[in-house]
Structure formats: C-alpha cells, structure tokens
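Colleague: Fold the stuff below for me.
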Amino acid sequence: MSPILLRILQLLVLVFLQASLLFVSAGTWRWLAGWWYIGLYVLMLVGASFILIPNRREVIEERSKGARGGKRWDYWLTQLMIIPSLGTLVISGLDQRWSWTPPLPFWLRLPGGLLFLAGYGLVLWAMYSNKFFSQVVRIQSERGHVAVTAGPYRFIRHPGYLGMTISLLGAVGLLDSLYGLACFALYLLLIILRTALEDRTLLAELSGYPEYATRTCFRLFPGLW
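Modeller: I've put the predicted structure just below:
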C-alpha cells in the first residue's frame, strides 16, 4: 500500500473514531455542535490534501510511518496526550446528554469554531513549510534533516504544537462544554513538556538548530516562552 493511501486510511479511521466518541457519548445523532465539529474537521482534511499531496508528499509519507523511529519518551508522552484530545470529545458528548453545564452563548461558540480552523491552518502552514514535519520526535538523518527557518518557524520554533493547542481550545467552545477546559488544561501541560523535551533533543542532535534557536527565541508562545 502506498504511503499516501495508508495516510488517507489512517485519517478516515480517525474521523470515524471521533464521530463515534462524540455521538455515542451524547446518546444521539441529533447534535448540531457534534456535526459542526466533524464537518469542519473533514473540511480541513480535504483542504490539507489538496495542498500537501501535490507539494509535500514527503510529509505525508513521513507521517504515515506513525511512531516508528521516534524517541521512546515521545512515544509515551504522545500516548498520554490522546487522553485529553479524545477526552474532550467524550466529556462534551456526555455534557450534551446530561446537561452538566449550561449552553454557551453563540458569541462564544462562533470564536470556538474560528479558533478550531485557525489552529489547524497554522499546523498546515507548518507542514507546508517544513518537509521534515513528523508525528514523532526523531532526527531524519536519512533525508538530510536540518533546521527549518521558513514560514511560521520564523516566529516560533514549534508552530505545529501551537496550532494543535489553539485548535483544541477552539474545539472546547465549538462543542459547547465548559468541562472540556479540564481536558484542555491537561493537554496544555503535556504539550509544554513535549516542546521542552523536543527542543532539548534538537539542540543536541539537529544540524543548525542551536544557531536557529539563538535567532528565534520563543519555543511555543510568542513573547512568553
């Protein structure tokens, strides 16, 4: 099976898994926020395919490998990050079923949807700019891996992680559940830890990264850290 087809199948499974978690936990298919989430998610995947397949096939091939070749600490950390990522969907669905929290006003849910799209857009920009963009922390020496300084990497060292964080925060608002903020808080702690560990690895092992880090000071949050 080609890496492109394999990656498409992986993403289809992920869409099905997320839809199942949302609607089974909600106990109904008649949940507009859930459909908005799935619809926007699929829209983003389709848009990314039109951009990446013609221009960044190597990124798709790399990401289709999954966790192979990554640092062991990164494997366990990414497994932990699945909990808040998918937990947001489950908690939001249960909140919809049992009405744990009052519905958010439209003026909060709309920005949630916009953040959801904007975060993924930043991830896509990072993928397009970085031909070494991977699912795991590993030095791709077989591909001549060097530090990337173009696109969003001009402003922060790990724009993909920032995009994923923004997107998850947007999902909390889009799915209309304040309890999702608990999952977001856990995700934020884990992504900060992963960023710190990855940055340390790249400083020690990636050609050109120490020099790049002296020019681009912030790891994850512009102006903060």
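
Colleague: SS state for V146?
Modeller: Per DSSP: H, G, I helix; E, B strand; the rest coil, the local secondary structure of V146 is coil.

Colleague: you'd agree it is up against E211?
Modeller: No. With contact defined as CB atoms under 8 Å, V146 does not count as touching E211 (10.7 Å). All C-beta atoms are positioned from the backbone trio N, CA, C, and that covers glycine.

Colleague: Ignoring the adjacent residues along the chain, who's closest to the residue nearest in space to the middle of the chain?
Modeller: When the chain is reduced to its mean C-alpha position, the nearest residue by CA atoms, centre = their mean turns out to be M164, at 3.3 Å. Of all residues not flanking M164 in the chain, V123 sits nearest, at 6.0 Å (CB to CB, 6 or more residues apart in numbering).

Colleague: Please give the number of neighbouring residues around that neighbour.
Modeller: 22 (other CB atoms under 10 Å).

Colleague: what does the average pLDDT come to for the strand or helix carrying it?
Modeller: V123 belongs to helix 106-129 when elements are defined using DSSP states H and E. Averaging pLDDT along helix 106-129 yields 94.

Colleague: Show me which positions of that helix end up buried.
Modeller: For helix 106-129, a neighbour-count test (16 or more other CB atoms under 10 Å) marks 109, 112-113, 115-117, 119-129 as buried.

Colleague: picking up where we left off before, check contacts around the residue nearest to M164.
Modeller: 159-160, 163-164, 167 (CB atoms under 8 Å, 6 or more residues apart in numbering).

Colleague: Ranking helices and strands of the protein by mean pLDDT, which lands last?
Modeller: Least confident helix or strand of the chain, by mean pLDDT, DSSP states H and E, is helix 57-63 with a mean of 87.

Colleague: Specify the local secondary structure of W29.
Modeller: Classified using three-state DSSP, W29 is coil.

Colleague: quick one: contacts for it?
Modeller: Counted by CB under 8 Å, 6+ apart, W29 has contacts F23.

Colleague: gap between it and Q96?
Modeller: Separation of W29 from Q96 (CB to CB, to the nearest Å) stands at 12 Å.

Colleague: just the helices in this protein please.
Modeller: Here the chain has its helices, by DSSP state H, at 3-26, 32-55, 57-63, 72-98, 106-129, 159-174, 180-205, 209-215.

Colleague: now the angle from the helix holding V123 to helix 159-174?
Modeller: Orientation check (axes from the mean of the first three to the mean of the last three CA atoms, to 10 degrees): helix 106-129 against helix 159-174 gives 160 degrees.
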